[in-house]
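A.B. asks: structure for the following, please:
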Amino acid sequence: MKKRYLGWILFLLTIIGMSVAPIKVSAEDGVFVPTVKKDIYVYDAVDMISADDEDEINRILDELEEKTSAEVAVISYDDSDLTLEEYANKLFNMLGIGKAEENNGILLLMQKEGNHVRLEIGSGIDDVFTDDVAGDILDNYYVPYRDESTSEAALETAKAVAANMYSYYEVESELTGEYEPLIYGNISDEEFAEDDNVYEVEETTESNKIGGIILIVIVGFFVLFVLPSIIEHFEKKKWAKDHDGDMHIWEARERLYHRTSSDSFTNFFDSGSSFGGGDSGSSFGGGSSDGGGASR
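C.D. replies: Coordinates of the predicted model:
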């Protein structure tokens, strides 16, 4: 009986997980969502970046994710009925840029029509990568180059974003020497206040996130293991009472349920179902943005 209930519980959790999975693409959204591939961070649909610069940006951002877990995407598009800010936020959340538990993604979105650009910041780091920081990165590394070469502008901005992300995670990189970070993750608030060229990093706490994870683990353990045992105990007790303590039939039923439920459960997962869907092809980590960032 325990196996039967466990199977049904996992089945229901699977259905719930699939039903709440974010929709990755929708025609009504007016957003072009690229087919994302593993270890690829640049999706230049309208040829704003040269092949050599695209390769270099991919290399830089792949190394950044490997060393820090942060995900940065560089995407170009032509035009849309949506504003640049609306487009960036929708695209960011559709792709899930950044790790879900940290929301540490950044999107560099380049609009060919009008030659506009936006840095969209993940909700887990927008208290450090503030709108002002994002704006200064664009002013220093994108705007000065874009009239001559949007490709060079994208490369310089990607390097600057990576340098700041390395500084945020306190990871050594040659980029932090070439591109002076606007934020620092390893100095005090007092030291920040003494320098007009940097921004104060507010201390953040992970206690709420950790507490939520612990609660989910506890509830999940109870539902998957404790609750079926409790149900089985009372059913077994009731059976013994109704059948004068004869447990032979009960044990036979248990063996039957164990065999059939296991086979059914195996067949269900062999059919290709998985938590959260996953047919979008995205290799990003499920991060989100609340709309923080800057446009130029």
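A.B. asks: now Thr68: how far from Asp79?
C.D. replies: 33 Å (C-beta to C-beta, to the nearest Å). Any C-beta I mention is one placed from the backbone N, CA and C, and that applies to glycine too.
A.B. asks: and those two? Which one has more around it.
C.D. replies: More neighbours surround Thr68 than the other of Thr68 and Asp79, with 19 against 13 (other C-beta atoms under 10 Å).
A.B. asks: in contact with that one, which residues?
C.D. replies: For Thr68, the contact set (C-beta atoms under 8 Å, 6 or more residues apart in numbering) comprises Asn104, Met165, Tyr166, Tyr168, Tyr169, Val171.
A.B. asks: mind checking how far the closest residue in space to the fifth one that isn't next to it in sequence is from Glu178?
C.D. replies: Once flanking residues are discounted, Tyr169 sits nearest to Thr68: 4.3 Å by C-beta to C-beta, 6 or more residues apart in numbering. Here the criterion is C-beta to C-beta. By it, Thr68 lies 17 Å from Glu178.
A.B. asks: would you map the helices across the stretch 101-250 of the chain?
C.D. replies: With DSSP state H, counting those that start in this stretch as the criterion, the stretch 101-250 of the chain has helices at 131-141, 143-146, 150-168, 175-178, 189-193, 207-221, 227-242, 248-270.
A.B. asks: any idea which of those helices scores lowest on pLDDT?
C.D. replies: Mean pLDDT is lowest for helix 189-193 among those, at a mean of 42.
A.B. asks: how about the contacts of Thr68 in TSV, adding neighbour count and distance to Phe129?
C.D. replies: Converted to TSV, the contacts of Thr68 look like this (neighbours: other C-beta atoms under 10 Å; distance: C-beta to C-beta, whole Å):
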residue	neighbour count	distance to Phe129
Asn104	26	9
Met165	30	8
Tyr166	23	13
Tyr168	20	8
Tyr169	16	12
Val171	14	16
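A.B. asks: nearest to Gly287, of those?
C.D. replies: For the contacts of Thr68, the closest approach to Gly287 (C-beta to C-beta) belongs to Asn104, at 6.6 Å.
A.B. asks: quick one: contacts for that closest one?
C.D. replies: Thr68, Ser69, Ala70, Glu71, Gly98, Gly122, Gly124, Ile125, Gly287.
A.B. asks: one more pass at 10 Å, please.
C.D. replies: 65, 68-72, 97-98, 121-125, 129, 165, 168-169, 285, 287 (C-beta atoms under 10 Å, 6 or more residues apart in numbering).
A.B. asks: now a ChimeraX select for only the buried ones of those.
C.D. replies: Per 16 or more other C-beta atoms under 10 Å, the buried members of the contacts of Asn104 correspond to this ChimeraX selection:
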select :65,68,70,71,72,97,98,121,122,123,124,125,129,165,168,169,285,287
